[in-house]
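1. heads up, no residue letters with this:
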């Protein structure tokens, strides 16, 4: 029987809040340190304790970072979901289960390779009864290590690093691991073909979640004010920012070069960011869909009064409260035109840790350059899962503060009008509060205003202002990050995707090797000229995204009109991360149309 | 008056704004004048002030004063968030927030409460007329229970007392005044500016168009008749304090954060503004007797303000450069190394 090396997926089914998260992360990190291409996806409930939760660990020689639809191995520790879980496993798959609490019928097991792990009996070997519920999760870690060849020394070092200085916890976890390992060694005969083997694919790579990467980008991007309100899946973004700044921002005279405030709600967070942006700080809030809905009134103010501000939307499943712990790309249309009246907003679509880091920095430059809200559109999959990516690359930050007039430049300016289009690009000049030259003083507002920020209801002045805002929008097309185009540049089939969907698309294209396909990955909205060119040159365009209503496709049809008939859609919106398995299947269907 | 200047050699005109577009005789215009006088007499550079407001008649008024200051007229009830953000970005500038009873006690009640809790260093003026003027005379949350609107409707709901609420939320400077009492109002405005922390000024300001009828408890006549000043206030700015003698008969002095002094002269009974319970009692008593106690109701100087709590650098965050905020390549290498 030929072994299958480093190429399978394994799902662990447990009960939320029992400590399994830490076991799963130990497994994930151990494989990473063994130099194996690994991906981890946590499918967790909106709950602290008691509801079912699943974790998929996928290994592949290529290190693909997207979910597999089917698993080769299932570790079933949750009696509540065991019947459903095993029903999803195909013939010939491997089942490791807690045989003390799960009682399968013979027919459920008949075409499977079975390992029965008596978790409750083994837990008697844990002398401290209080720790038993947490530590018994290490039994399956031990059993898997024996069955598939996880390097024991590597794994034990990961445990040590996880619990750091708490030697007691390290010892207890090591012991629990040994119990599981020993049981497997004495009782399990290797039945399946899957095997792990140390490799070298992770040199120069790191593990992190996207929220932390975006926080790092904000810190390096010169963000000084953060106002936020707790909401899954974005809370850890602001919290990481606070941790990083505390650790890594050099204090000045013992004081902080930043202010991070947990606001009373999302409305206030948005207002604080806009107040700070108006007064000249680089300010950011992180939230999710429900927060964007609440912030919408303020977003319109920032658009109309032209205030630099960064909104990081870690998208989750909507509408309404939706599925708070599941992922989607469902706020695209909401953010593109957030708030009442005619509005248009710039969006960025990071697809990886590195892009979270880089585009977060770019977000602050764009906000200052265009004096407008910038939407950093990430999602729960990218934000909360651990990803493997290249190390972050340092580039010396160079702020683009945009068109700001100080005392000296005001002196030379013929006149100052806050909303005057001096350069013909739709971007006006601004001054900051505290400017000592009184020529620069202005009173901004969300009500109708003329070129000098004076209140007006005059139709001509209103239209001139709205038209200038549109001109500014067109100017932005030349400045936002360009798309990444790969594949055959003459291919007649064009695929468009953005954000986390990229990983499933890339893997699919590597699988199907269709030479007639070119692929455009969007990094920003508005659409740059390259996007129009791409749509024009292809006979068939397929937009792949994670929402029901083909939201980005809708934007394409409105912004680049005349091509509706050739634009097709592949959508997935179940709430788990999109897989290459689904994209491959759907792509075949659309290509045959 | 022509030709007179303050300590910065600026005329009073340098503190004025555009002509008011409010109704003739509006109490808010008297407050605007009070603000102009206060800041002129304080001798503060207009560029050292940021003025912010929400929506409503009161929120229009920042157009009418300090034209040479930066200003931001935001959205309804959300001035506190904008002010908090602007203050975090540049805490060297003074902040004047102007709001109304609808703006702060209804739609913006939540933001008002949290701003007070955080002790944001600013002057927060509520131009309180007990009615929605701009939408033509609906009751507001500060309309007295059982009082009548211009149309004759009776307000069945309990009212919110701005000062009581502010004290309960931990405000460090709480005052009430009447737009018709220029002297008291100006002294309180100056003291509010000199205070480091949140200064809440509830200024009863009759709406001449919708809430000035005989059955109103916020009409000019009613407020004038029921106004019970707790004390006579005198403000001695920090730059004058050596030369100026405190008025004879002053029963107490409050030294404000910037060194200015508020002298408090007893009128009838003595009121100790540093006694929280007494302050609440005075307000509750006023409700029963239908009196409107005005003056410095509560003062509590020993509370860190938001900037101290957050330990923000001395310079404005808006002035931070790459050199201030960039942790550098070595730190990033260290971070990378820690993510293995």
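-> Structure received. From a predicted model like this one, the values you see are computed outputs, not experimental measurements. Residues are numbered from 1 along each chain as shown, chains lettered A, B, ... in the order given.

2. centroid-nearest residue for chain A?
-> The C-alpha lying nearest the average C-alpha coordinate of chain A belongs to residue A:382 (Cα atoms, centre = their mean; 2.4 Å).

3. quick one: residues contacting residue 157.
-> Here I'm looking at chain A. Contact criterion Cβ atoms under 8 Å, 6 or more residues apart in numbering or on different chains gives residue A:33 as the residues in contact with residue A:157. No exception for glycine: its C-beta is placed from N, CA and C like everyone else's.

4. actually it's chain B I care about, not the one you picked
-> Residue B:157 makes contacts with B:139, B:141, B:145, as judged by Cβ under 8 Å, 6+ apart.

5. confirm that it sits in a strand.
-> No. When DSSP: H, G, I helix; E, B strand; the rest coil is applied, residue B:157 is found to be coil, with no strand at that position.

6. which among the contacts of residue B:157 gets closest to chain A?
-> For the contacts of residue B:157, the residue nearest chain A by Cβ to the nearest Cβ is residue B:141; the value is 18.4 Å.

7. helix, strand or coil for the residue nearest to that closest one when sequence neighbours are not counted?
-> For residue B:141, ignoring the flanking residues on the chain, the nearest one in space by Cβ to Cβ, 6 or more residues apart in numbering or on different chains is residue B:105 at 4.1 Å. Counting by three-state DSSP, the backbone at residue B:105 sits in helix.

8. tell me where chain B has strands.
-> B:49-53, B:70-73, B:94-100, B:122-128, B:131-132, B:138-139, B:173-178, B:198-204, B:227-229, B:231-236, B:252-255, B:261-266, B:292-299 (DSSP state E).

9. which stretch among the ones you listed comes nearest chain A?
-> The closest approach between chain A and any of these, judged by Cβ to the nearest Cβ, belongs to strand B:70-73 at 3.6 Å.

10. tell me which strands and helices the closest one is in contact with?
-> Identification of packing neighbours for strand B:70-73 by 3 or more Cβ pairs under 8 Å, 6 or more residues apart in numbering or on different chains; DSSP states H and E yields strand A:443-445, strand B:49-53.

11. and if we set it to 10 Å?
-> Contact analysis of strand B:70-73 by 3 or more Cβ pairs under 10 Å, 6 or more residues apart in numbering or on different chains; DSSP states H and E lists helix A:266-278, helix A:289-305, strand A:443-445, strand B:49-53, helix B:79-89, strand B:94-100 as its packing neighbours.

12. any idea which of those gets closest to residue A:226?
-> Taking Cβ to Cβ, helix A:266-278 is the member of those nearest to residue A:226, at 8.0 Å.

13. same question for the following helix or strand past the closest one, mean pLDDT?
-> Per DSSP states H and E, helix A:266-278 leads on to strand A:283-287 as the next helix or strand towards the C-terminus. Per-residue pLDDT over strand A:283-287 has a mean of 98.

14. parallel or antiparallel, list what pairs with strand A:283-287.
-> On the basis of DSSP bridges, the sheet neighbours of strand A:283-287 come out as strand A:225-228 (parallel), strand A:309-315 (parallel).

15. would JSON lines of the ones you listed with mean neighbour count be doable?
-> Output for those, formatted as JSON lines (neighbours: other Cβ atoms under 10 Å in any protein chain shown):
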{"stretch": "strand A:225-228", "mean neighbour count": "29"}
{"stretch": "strand A:309-315", "mean neighbour count": "29"}
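
16. and whatever residue of the stretch 201-340 of chain B ends up closest to chain A, how far from residue B:131?
-> With Cβ to the nearest Cβ as the measure, the residue in the stretch 201-340 of chain B that lies nearest chain A is residue B:318; the distance is 3.1 Å. In this structure, residue B:318 lies at 38 Å from residue B:131, with Cβ to Cβ, to the nearest Å as the measure.

17. give me the more crowded residue out of those two.
-> residue B:131 (28 against 25; other Cβ atoms under 10 Å in any protein chain shown).

18. dump the residue contacts of that one.
-> Contacts here follow Cβ atoms under 10 Å, 6 or more residues apart in numbering or on different chains; on that basis residue B:131 touches B:57, B:100-102, B:137-140, B:142-143, B:149-150, B:206-207, B:209-212, B:216, B:218.

19. pLDDT wise, what is it at?
-> pLDDT, residue B:131: 95.

20. over to residue A:55?
-> Reading off the confidence values, residue A:55 has pLDDT 97.

21. for it, which non-adjacent residue is closest in space?
-> On the basis of Cβ to Cβ, 6+ apart, the spatially nearest residue to residue A:55 that is not a chain neighbour turns out to be residue A:24, at 4.2 Å.

22. how far away is that neighbour from residue B:71?
-> When Cβ to Cβ is the yardstick, residue A:24 and residue B:71 sit 54 Å from each other.

23. again with residue B:114
-> Using Cβ to Cβ, one gets 23 Å for the distance from residue B:114 to residue B:71.

24. of the two, which one has the most company?
-> Using other Cβ under 10 Å, the more surrounded residue of residue B:114 and residue B:71 is residue B:71, with 24 against 19.

25. identify the bridge partners of the more buried one.
-> The partner residues for residue B:71, given DSSP bridges, come to residue A:443, residue B:51.

26. low-confidence ranges, chain B, go.
-> By pLDDT under 70, the low-scoring segments of chain B are B:1-2, B:241-250.

27. tell me how far the spatially closest residue to residue B:127 that is not a sequence neighbour lies from chain A.
-> Among residues not flanking residue B:127 along the chain, residue B:58 sits closest, at 3.7 Å (Cβ to Cβ, 6+ apart). Relative to chain A, residue B:58 is positioned 15 Å away (Cβ to the nearest Cβ, to the nearest Å).

28. who touches residue B:58 in this structure?
-> Neighbour list for residue B:58: B:22, B:26-28, B:31-32, B:98-104, B:125-129, B:133-134, B:203, B:205 [criterion: Cβ under 10 Å, 6+ apart].

29. at 6 Å what do you get?
-> Counting by Cβ atoms under 6 Å, 6 or more residues apart in numbering or on different chains, residue B:58 touches B:28, B:98, B:100, B:127.

30. need the contact list for the second one.
-> By Cβ under 6 Å, 6+ apart, the contact set of residue B:98 is B:53, B:58, B:61-62, B:125.

31. if I look at the nearest residue to residue A:349 once chain neighbours are set aside, how far off is chain B?
-> Distance criterion Cβ to Cβ, 6+ apart; nearest residue to residue A:349, sequence neighbours excluded, is residue A:498 at 4.1 Å. Residue A:498 sits 25 Å away from chain B, taking Cβ to the nearest Cβ as the criterion.

32. I'd say residue A:498 and residue A:347 touch.
-> No. Using Cβ atoms under 6 Å, residue A:498 is not in contact with residue A:347; the gap is 9.1 Å.

33. how about the residues of the stretch 51-200 of chain B by chain A?
-> Selection of the stretch 51-200 of chain B residues close to chain A by Cβ under 6 Å from any Cβ of the partner chain yields B:68, B:70-73, B:75, B:78, B:81-82, B:84-86, B:88-90, B:93, B:110-111, B:114.
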